[in-house]
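1. Next one to model:
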Amino acid sequence: MGFSASWSTLIRELEELPEDATLITPLSHDQFMISGVQEQRVIINFLDRDIDPNRPLQRDQFETMYRRITDERDGFELDRLPPDADPYPVIWSVHPRFEIDEEQGVIIERDGPTSSQLIETQPDKDVADAERTEPDLAVYADALLLIDVLERHDVEYLEGMETPALVNIYTLLSDVQRNANELRQEVRSVLLDRLHHDQPVAGQYGSVQRTSRRNRSLKDDEEVLAKMEAAGIDRERVTSVDSSKVDEALEVVEIAESEVYDIDESEYVRKADVNEDEKESRLQGLKDQLAAAEGQEAEELREEINELEDRIEELTEFKSGSSFYTRSQADP
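-> Numbers count the residues shown, from 1 in each chain. From the prediction side, this is the model:
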């Protein structure tokens, strides 16, 4: 397939994108939207630029990018791009046969369908407009109780609080942390199936990306020692004291623990018990209080909630600062 045919396919794919479709560049991770598609150019709009966010991308530049991609058997290396040229490969990734591989740092032509740098930054309208429901989650119940306690005490001055109040806050914080971490792990397992190529995916309150961690564990002792000795490393240089074997020895010999261990003791608070009945009673009271709100009181409550949500969205909106675009004369 030549450039003309590929360009026609790309134009068609761009025209079929949703109005709020957002793309992200692989190098600078700038987010932009397609604001215009024409036969001779594509106009994009950067989301994190306050000054001159609009930028036209010319057809001949896309052709240059196409030649470079198709001329390279293993893909065109993204770090060879001139300044300000990274939107070109991103838009080419919308084409069903071009893909950005961030792990390898290339954009490459494939024989079959590929993924693109398309991300969703707008909340689902159906979800946003849906009626609020109470989730049957432990972390939700504990969070409600925690909010109630925090609102009834001056937690900015902990030293002035009574001990029972501090115990309540500590217990609820512990429960929220545990249940939130369990839910976070469940959410993470689902997200792992949806994220790929270290591509950040943004939501209303932040963004996530898939990363990898390299874990190591030694093979069998004799195998490791044999390899080291074969390489000229003395056995004594790579052997060390095993604490578990030391503990076993301490049980049968008269040696004080302090003679073989440096011991550093520290004090900490541990949650000993949770009064589930009291938590459930208080939680039900909060639910009844919210359900009983009617008339002017209920309207004022809804207005306060809406104002709070707007304020949270304003405070959590991501802006990387102003940036300026100077058109480069170099081809991408």
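2. For Met235, grab phi and psi.
-> Residue 235: Arg, not Met. With angles defined as degrees, to the nearest 10, Arg235 sits at phi -60, psi -40.
3. Mind jotting down where the strands sit in the stretch 51-200 of the chain?
-> Secondary structure of the stretch 51-200 of the chain (DSSP state E, counting those that start in this stretch): strands located at 54-58, 76-77, 98-101, 106-109, 118-119.
4. Including mean neighbour count, mean pLDDT and distance to Ser4, could these go into a markdown table?
-> In short, each C-beta sits where N, CA and C put it, glycine included. Shown next, in a markdown table, are these (neighbours: other Cβ atoms under 10 Å; pLDDT from 0 to 100; distance: least, Cβ to Cβ, whole Å):
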| stretch | mean neighbour count | mean pLDDT | distance to Ser4 |
| --- | --- | --- | --- |
| strand 54-58 | 15 | 89 | 15 |
| strand 76-77 | 18 | 90 | 20 |
| strand 98-101 | 23 | 85 | 15 |
| strand 106-109 | 21 | 87 | 16 |
| strand 118-119 | 16 | 58 | 24 |
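5. what's the burial count for Asp136?
-> Counted with other Cβ atoms under 10 Å, the neighbours of Asp136 add up to 7.
6. Distance-wise, check it relative to Asp48.
-> Here Asp136 is placed at a distance of 38 Å from Asp48 (Cβ to Cβ, to the nearest Å).
7. Same question for Asp264.
-> From Asp264 over to Asp48 (counting by Cβ to Cβ), the distance is 47 Å.
8. more neighbours, the two?
-> Set Asp264 next to Asp48 and count neighbours by other Cβ under 10 Å: Asp48 wins out with 16 against 5.
9. Now do the more buried one, the pLDDT please.
-> If you check Asp48, the pLDDT there is 71.
10. repeat for Pro200
-> On the pLDDT scale, Pro200 gets 67.
11. With Glu182 instead?
-> Value for Glu182, per-residue pLDDT: 91.
12. With His153 instead?
-> His153 is given a pLDDT of 88.
13. Is it correct that it is in contact with Ile169?
-> Yes: counting by Cβ atoms under 8 Å, His153 touches Ile169, with 7.3 Å between them.
14. number of nearby residues for the closest residue to Leu47 other than its chain neighbours?
-> Spatial nearest neighbour of Leu47, excluding adjacent residues (Cβ to Cβ, 6 or more residues apart in numbering): Gln31 at 4.6 Å. Residues within reach of Gln31, counting by other Cβ under 10 Å, total 22.
15. Asp154 now?
-> The burial count for Asp154: 10, using other Cβ under 10 Å.
16. Likewise for Asp84?
-> As a burial measure, Asp84 scores 17 neighbours (other Cβ under 10 Å).
17. same check, this time on Leu10
-> Each residue near Leu10 was counted by other Cβ under 10 Å, and the total is 23.
18. Arg110 is in contact with Thr70, correct?
-> No: with contact defined as Cβ under 8 Å, Thr70 does not count as touching Arg110 (11.7 Å).
19. who's more crowded, the two?
-> It is Thr70, of Thr70 and Arg110, that has more neighbours when counted by other Cβ under 10 Å, with 17 against 14.
20. contacting residues for that one?
-> Glu109 (Cβ atoms under 8 Å, 6 or more residues apart in numbering).
21. Give me the pLDDT value at it.
-> The model reports Thr70 with a pLDDT of 89.
22. ditto for the one 3 residues further on
-> Each residue has a pLDDT score; the one for Arg73 is 81.
23. Name the spans of the protein whose pLDDT lies under the cut-off.
-> Applying pLDDT under 70 to the chain flags residues 1, 49-52, 112-132, 196-200, 202-206, 212-218, 266-274, 279, 282-283, 286-332.
24. what about Arg67, distance to Asp84?
-> Distance, Arg67 to Asp84, using Cβ to Cβ: 19 Å.
25. likewise Val139?
-> If you go by Cβ to Cβ, the gap between Val139 and Asp84 works out to 44 Å.
26. and if you look at Ile34?
-> Applying Cβ to Cβ to Ile34 and Asp84 gives a distance of 17 Å.
27. again, but for Val106
-> Taken as Cβ to Cβ, the span from Val106 to Asp84 is 19 Å.
28. Identify the single longest helix in this structure, thanks.
-> helix 163-192 (DSSP state H).
29. Quick check: buried residues in that one?
-> Buried residues in helix 163-192, defined by neighbour count with 16 or more other Cβ atoms under 10 Å: 168-169, 171-172, 175-176, 179-180.
30. Which two of these have the greatest separation?
-> Asn168 and Ala180 (17.9 Å; Cβ to Cβ).
31. Kindly state the domain boundaries assigned to this protein.
-> Residue ranges for each domain of the chain read 3-119, 126-212+270-284+311-316, 221-260, as given by automatic domain parsing.
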